[in-house]
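Q: Provide a 3D model corresponding to the input given below.
(4 chains)
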Number of protein chains: 4
Amino acid sequence: MENKTIVSSIEDKIIEYRRDFHRYPEPGWLEFRTSGKIAAILMKLGYEVKLGHEVVKKEAVMGRPHDEDIANNVERAVKEGADPEILKRMDGLTGVVGIMDTGRPGPVLAYRFDIDAVEVDEAKDYNHKPYKEGFSSTHPGVMHACGHDGHAAIGLGLAEVLTRLKPEFTGRVKLIFQPAEEGVRGARAMVEAGVVDDADYFLALHIGFGNSGDIGIAARTGGFLATSKLDVEYRGRASHAGATPQEGKNALLAAATVALNLHAIAPHSDGATRVNVGVLQAGTGRNVIPDRAVIKLETRGATTALNDYMKKKALKIIEAGAAMYDLDYTVNEAGGAMSAEGDEELASMIKSIGREIGVEHIVDKGSVGGSEDATYFMERVQTRGGKALYYQVITPIAADHHSSRFDFDERGLSLAVTLHAEMAKRLLKRAHA
Amino acid sequence: MENKTIVSSIEDKIIEYRRDFHRYPEPGWLEFRTSGKIAAILMKLGYEVKLGHEVVKKEAVMGRPHDEDIANNVERAVKEGADPEILKRMDGLTGVVGIMDTGRPGPVLAYRFDIDAVEVDEAKDYNHKPYKEGFSSTHPGVMHACGHDGHAAIGLGLAEVLTRLKPEFTGRVKLIFQPAEEGVRGARAMVEAGVVDDADYFLALHIGFGNSGDIGIAARTGGFLATSKLDVEYRGRASHAGATPQEGKNALLAAATVALNLHAIAPHSDGATRVNVGVLQAGTGRNVIPDRAVIKLETRGATTALNDYMKKKALKIIEAGAAMYDLDYTVNEAGGAMSAEGDEELASMIKSIGREIGVEHIVDKGSVGGSEDATYFMERVQTRGGKALYYQVITPIAADHHSSRFDFDERGLSLAVTLHAEMAKRLLKRAHA
Amino acid sequence: MENKTIVSSIEDKIIEYRRDFHRYPEPGWLEFRTSGKIAAILMKLGYEVKLGHEVVKKEAVMGRPHDEDIANNVERAVKEGADPEILKRMDGLTGVVGIMDTGRPGPVLAYRFDIDAVEVDEAKDYNHKPYKEGFSSTHPGVMHACGHDGHAAIGLGLAEVLTRLKPEFTGRVKLIFQPAEEGVRGARAMVEAGVVDDADYFLALHIGFGNSGDIGIAARTGGFLATSKLDVEYRGRASHAGATPQEGKNALLAAATVALNLHAIAPHSDGATRVNVGVLQAGTGRNVIPDRAVIKLETRGATTALNDYMKKKALKIIEAGAAMYDLDYTVNEAGGAMSAEGDEELASMIKSIGREIGVEHIVDKGSVGGSEDATYFMERVQTRGGKALYYQVITPIAADHHSSRFDFDERGLSLAVTLHAEMAKRLLKRAHA
Amino acid sequence: MENKTIVSSIEDKIIEYRRDFHRYPEPGWLEFRTSGKIAAILMKLGYEVKLGHEVVKKEAVMGRPHDEDIANNVERAVKEGADPEILKRMDGLTGVVGIMDTGRPGPVLAYRFDIDAVEVDEAKDYNHKPYKEGFSSTHPGVMHACGHDGHAAIGLGLAEVLTRLKPEFTGRVKLIFQPAEEGVRGARAMVEAGVVDDADYFLALHIGFGNSGDIGIAARTGGFLATSKLDVEYRGRASHAGATPQEGKNALLAAATVALNLHAIAPHSDGATRVNVGVLQAGTGRNVIPDRAVIKLETRGATTALNDYMKKKALKIIEAGAAMYDLDYTVNEAGGAMSAEGDEELASMIKSIGREIGVEHIVDKGSVGGSEDATYFMERVQTRGGKALYYQVITPIAADHHSSRFDFDERGLSLAVTLHAEMAKRLLKRAHA
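A: Okay, the predicted model is just below:
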């Protein structure tokens, strides 16, 4: 396990990367400093780096922030050390792909790392290690509370290890740093930009989830729920509720009717389905017929087909609700993910690597408990005849994912780099090497 | 008041007519015996009699019974004394118009009498005069509980009086015997057949409403609520609720949603509006997604415009409810009436006649407490430049209109004939007479 | 397999029983002729026969018909050959338990046979064998369309076989003939009467389900959905919708609100749940605020706990709906069943018997596709430390269960008797026999 | 009309008062600078000044701001010139009552002036006179857009005029400066503090409403809708919508159900009623069962009884909505007003004064188009046997009330002072004067 030694030699650097990202967390589609840093390091390592429209199809972006927010965050990224030249190439679109081409014919192996942070205010007390050790978030209300700081660091560590192993490999490696996994908004736009269209293998991992002191592996993650995130806006006509109620077009009552009927969509006998109207906001003044209502909802399904069933029903109800109150409306797809299953062959490979390098705690199946848009990549690769795997590096966490005291045991970082690198050794091995 | 004497001479005959009709009550659009009798008497008096498609536009009929019911009632009418030849001319459509043409140029004066009964089971006890005196309903579940037996009798009495007064008159008289006033279903089809298109004057009256022993007149009836009666049927798809809920198209939930939203239609600042879903029936089996739902509703408005506002909103909600659950649906107009105001000129005339013939209790305004489809005739006549009046002959009643013990003081009958005849004398008077 | 020979010798008699029951189908809680016949035959075979309140707890009966229907059906049963003395003992409660006591200490083995018919009009054409061969239903609108005629016949055949095997046995046998399985209404009242409180083993089976020509066995039936059937009646106050809408207490709008919110009950992460409002009937007149509404609903769950979750939520919504419109209301439990799993030990036994007697088509698991109140018996027996099994005798059917052309291949009858009898031989075997 | 001359002599001062108040607008219950200024001037004029708990019953305050807002506004009031000593006496409660006692026995005459501003951002352009002339709002987002700056100025002008007329008077005068008329929140708390319990006469006026150049009077204002303003908060339990939907208590669906059913409250045959859910806000995250919902609603009625009918129905629905979803909830009364009719005697007096002083444009009836909590004072005075009047001084306005360009013709100010003073002369006149 020679590359384990390589990993050891850069372990401190990987941790440093992680803590740097932790200090400057950025929400989905605003990861300008993060992307800038990643791109700069990949370039220095000799990777071909693709950015902006090369890696993200703008029309397929879901949940894109307002232009003003984007401009502000670009500006801040510069102040916080991102290279303005690189930011310019990004043209307002975060995300990075680094390519290493061995020059030798062979398969293409793609890795995906998600890099966005969560809108959570990080805990400020001395029991919280990032605060105590001085690397906690400097961006109020934003925090790496799901380990994506670690994922980005793993990607950079892996980048370095792979350059050293390059002589042993055939084919090409693609390191995909994806924005906006939270809210499952980012993967689709990268997939639609074609970044995995040439991939024979696709690997993704998630760190964390551990309760006890053990570090371990869940070889295959299942139970990804397919999901759609929809933002609905109804626009009617305001009117004084006492004086001329008949002039109004009541967006609030439409939204109320729609919310009830969405939750009444019949379940499906093929498997679990879900719908949730998580937010409803309507009206401004007590004495005014509300002319505007916003609904934020999600549908889910145990399979992509089940989610499609729910989404189709939901759209019909949303449309009819507008018709019932004579409203204009828009539906924006604010996020989405598919269901997916990792390939058994790759899962076996991870397990065997784990055993070889002495990981004691190895399980067949894990769950990230919800939806993940890595499934877009997996589905694309598998549809085109490739193989894909999403596995978990189980490392103890200090508090639940997405909570203000989240932190993970950094020993998981080098294990993740090692596993990812070992997979490359097996999948891209030169015949004579 | 010479014609008062004429009326007196036939008072017994009028009462006899009324009791005959009372004995054989027929619900709306099934008044075959009633229409047959009326037509026969009018013919005998020398009136030109129009029937069937001449007086009713079939396409405009609202709330028409099933063909089988019609056939059965025609058959029964024959058994109960109606002339088969006349019934043949009617071709399944009840209603009669009798015309008396003086041959002298002059205005056209139309009178309308409604002739249908109510679906009420008549009281069978000796405190109820029709039962005690042997003229109570012989048709179980049907009863003249709103005085239309009296209206029909008044029409026939008037027909006889007018033949005697004919030499004094110019122009023409039209006696319109209208089916299906209950549920406000009959007038529209007669109006659309054009029966009052040539009328310069239109008169209608209602008998009853009295509490004390006095007989009196309400010269003008106001507060008619315009109304629409709608029957909605939703048709979806049944499916086993446990095994394949996703296959269903749920008509019950659509109907529930529609009922709630109909009742939530905003009121109107121009005046009173109403909506009522009076009946909702959906589904057959507990474990089946309901594929069929029926809603019976009505809208009302203090004016025709206000009712139109309500009806338009209602239709939009009904349509959207179908769309929400992907259903087929039909809306049938099962009844309707307009708002209307009588003309002051005719109201003054009635009052002055009342005073002349010694009626003590005369009020300006009365109300029939709801909707009346005589308003269709009024609106048509007034729109074409004519004048119309709906007045009330207030005569003591034994119990509320539409109750099983309803009866009215028959003295009101000859007063009504006298008033109607006096109006003719004033409106059709020959210059030299 | 000596008893197979015994069965063969009475095969014609079993078929005759079945055809007799098929000719005189009776709906749930009205199986007076059926119960009477069964009781008479059991008595003749020497069984101790328990009836009426001995076997059914009246307070626990769900969905009991009106007294008038019961009286009429008792009368008809006499005309159709039931023994009046036996009917008298039944005291209006159908259902029979026959007991055979070997006199030797040993376990108690209970069998359950459901005996009610379905409200379906039997097909009358020559492709339908019962019609062609002259044993189709003589009761219009009622039909044995789910094979319970077969179950009753199997019970009687088994009764005879077991008397012959009695010398080989220890302990006791209880043959339970249960009313009203359709609508899952009958088992609870027998369980609450204590009929299986002493049972060490409980066996039930269902016949049918086969598509092809093979006869086979499904050794264990799973996936029984626990279910509750609820009838809700809301009582408010009627009022004229145009004149005094404020006086009404609107039962229709309450029911509509409740229906929507019932369907919006959140699903449960532990497994499948269902709710269905299958029937909603409200209101009488279009212009009257509806004072009465009826809802018929069912909840289901993959487990008893899941159904309890749904039922509890449903009851809360139903109660709050009444409060919202200031209504009186009642909820009647019209049916119910639990989830249950058969014991592996008994399932293995059935499979091994099947193999021994040469049944080729044997599967581990089957489903009856819904709910079954045999689960009440199973739960009671298992809770008290006994073992229970529900298996299926798969025999070709002519059309779907509950359809008007349903019929099953009668070869299944003797297989069922054989299997049931073989189980007795294993479970009640005398040590030295 | 000697006092007209007095008024003329202080006209500039009244306008100056008005412009000062316009410059420092304060929303309801935050009128600390305004109240402080008023109190100081009244003291200087020799009035007995009552403040804080003497004039406002804290428990009856509706729509009170947060303590923090109150503290901030007190602080700002000091900076903007209010007397800290006076503010201290106010103890966080705005509103002022000034009393002038003639020392001679006689009736008590109370005047009410409302002093709060509206949450509107004042127009900043040179066509808007307050901006052009430099007295527009210095408080962003708050503006005197309904003329209450004028009302306060009228009160102070009247205070000065009455001191000069004092020798002619008997009895006592009470000048009531009321907070929080907007949202109809302030009057109740002053009435409950008893400030008009001794009043024989009560006068209030509103300025504005004019379209053309004329200045005029509407002698009596009718059509005040009684109203209740309710804030509802539902509190349930959040839960992950995908993972554990069954754990949630869904406040959003409760609010949606309640909104629909509130709008479906039956109308009342006694007169116009209204309900409006103007604001509904529920939920925070798309994937979380919403645990909190807020509804802001109002009911209205043409009479106090009609509003009570609506409010009572609304409260029942709100309560049942909580029960349906097992929620905690609170309802806060955020405002309210009654219906009221001014006394004919006082209306005639105003008209005759108007004619005497040469006002050309005088109408009998006016409307302020909605609700007014002066009605609380009126109802209290009338109930205790006194007489009350609410009239309008019609003066041209530059834009609609409550719009950002609202301004009124300041000529109305001295007319209002004159009318109010003339009323005092008539109502408090000394016998020998």
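Q: Do a quick rundown of the strands in the stretch 51-200 of chain A.
A: For the stretch 51-200 of chain A, strands defined by DSSP state E, counting those that start in this stretch occupy the ranges A:96-101, A:108-114, A:172-178.
Q: Can you tell me which of these is nearest to chain D?
A: strand A:108-114 (17.2 Å; CB to the nearest CB). (C-beta placed from N, C-alpha, C; glycine too.)
Q: who in chain A is up against chain C?
A: A:L260, A:N261, A:H263, A:A264, A:A266, A:P267, A:A272, A:T273, A:R274 (CB under 8 Å from any CB of the partner chain).
Q: filter those residues by proximity to chain B?
A: A:L260, A:N261, A:A264, A:A266, A:P267.
Q: Outline the domain layout of chain A.
A: A:2-223+A:340-427, A:226-337 (automatic domain parsing).
Q: out of those, nearest to D:L205?
A: For D:L205, the closest of these is domain A:226-337, at 21.3 Å, according to CB to CB.
Q: where's A:I154 relative to chain D, distance?
A: 26 Å (CB to the nearest CB, to the nearest Å).
Q: Next up, the contacts around that residue.
A: A:I14, A:F113, A:L205, A:I207, A:L413, A:A416, A:V417, A:H420 (CB atoms under 8 Å, 6 or more residues apart in numbering or on different chains).
Q: Next one: the third one from chain C, what distance?
A: Taking CB to the nearest CB as the measure, A:L205 and chain C are separated by 25 Å.
Q: and what of A:E341?
A: Taking CB to the nearest CB as the measure, A:E341 falls 20 Å from chain C.
Q: My assumption is that that residue lies in a helix; please confirm.
A: No. Read with DSSP: H, G, I helix; E, B strand; the rest coil, A:E341 is coil and lies in no helix.
Q: How many neighbouring residues does it have?
A: 18 (other CB atoms under 10 Å in any protein chain shown).
Q: And A:V288, by the same measure?
A: Applying other CB under 10 Å, we find 17 residues neighbouring A:V288.
Q: Let me see the contact set for it.
A: So A:V288 contacts A:A238, A:S239, A:H240, A:A241, D:N276, D:G278 (CB under 8 Å, 6+ apart).
Q: cutoff 10 Å now
A: A:A238, A:S239, A:H240, A:A241, A:G242, A:G248, D:N276, D:G278, D:V279 (CB atoms under 10 Å, 6 or more residues apart in numbering or on different chains).
Q: just checking, the fourth one touches D:R274?
A: If I follow you right, that is A:A241. Yes. Counting by CB atoms under 10 Å, D:R274 is a contact partner of A:A241 at 6.2 Å.
Q: Now the common contact residues for those two.
A: Joint contacts of A:A241 and D:R274 (CB under 10 Å, 6+ apart) are A:N287, B:A266, B:P267, D:E298, D:R300.
Q: possible to save those residues as a markdown table with secondary structure and pLDDT?
A: Putting the shared contacts of A:A241 and D:R274 into a markdown table (DSSP: H, G, I helix; E, B strand; the rest coil; pLDDT from 0 to 100) gives the following:
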| residue | secondary structure | pLDDT |
| --- | --- | --- |
| A:N287 | coil | 89 |
| B:A266 | coil | 97 |
| B:P267 | coil | 96 |
| D:E298 | strand | 97 |
| D:R300 | strand | 95 |
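Q: Not counting its neighbours along the chain, what's nearest A:Y376?
A: Excluding the flanking residues, the one nearest A:Y376 by CB to CB, 6 or more residues apart in numbering or on different chains is A:A187, at 4.0 Å.
Q: residues touching the nearest residue to A:I115 once chain neighbours are set aside, list them.
A: Closest residue to A:I115 apart from its sequence neighbours, by CB to CB, 6+ apart: A:A152 at 4.6 Å. A:A152 sits next to A:17-18, A:20-22, A:31, A:34-35, A:37-38, A:96, A:113-116, A:144, A:177 when contact means CB under 10 Å, 6+ apart.
Q: In helices, which of those residues fall?
A: A:Y17, A:R18, A:D20, A:F21, A:H22, A:T34, A:S35, A:K37, A:I38 (DSSP state H).
Q: so which of those residues comes closest to D:H53?
A: Nearest to D:H53 among those is A:H22, at 54.4 Å by CB to CB.
Q: wait, isn't the residue nearest to A:Y376 in contact with A:Y390?
A: No. Using CB under 10 Å, A:A187 is not in contact with A:Y390, being 11.8 Å away.
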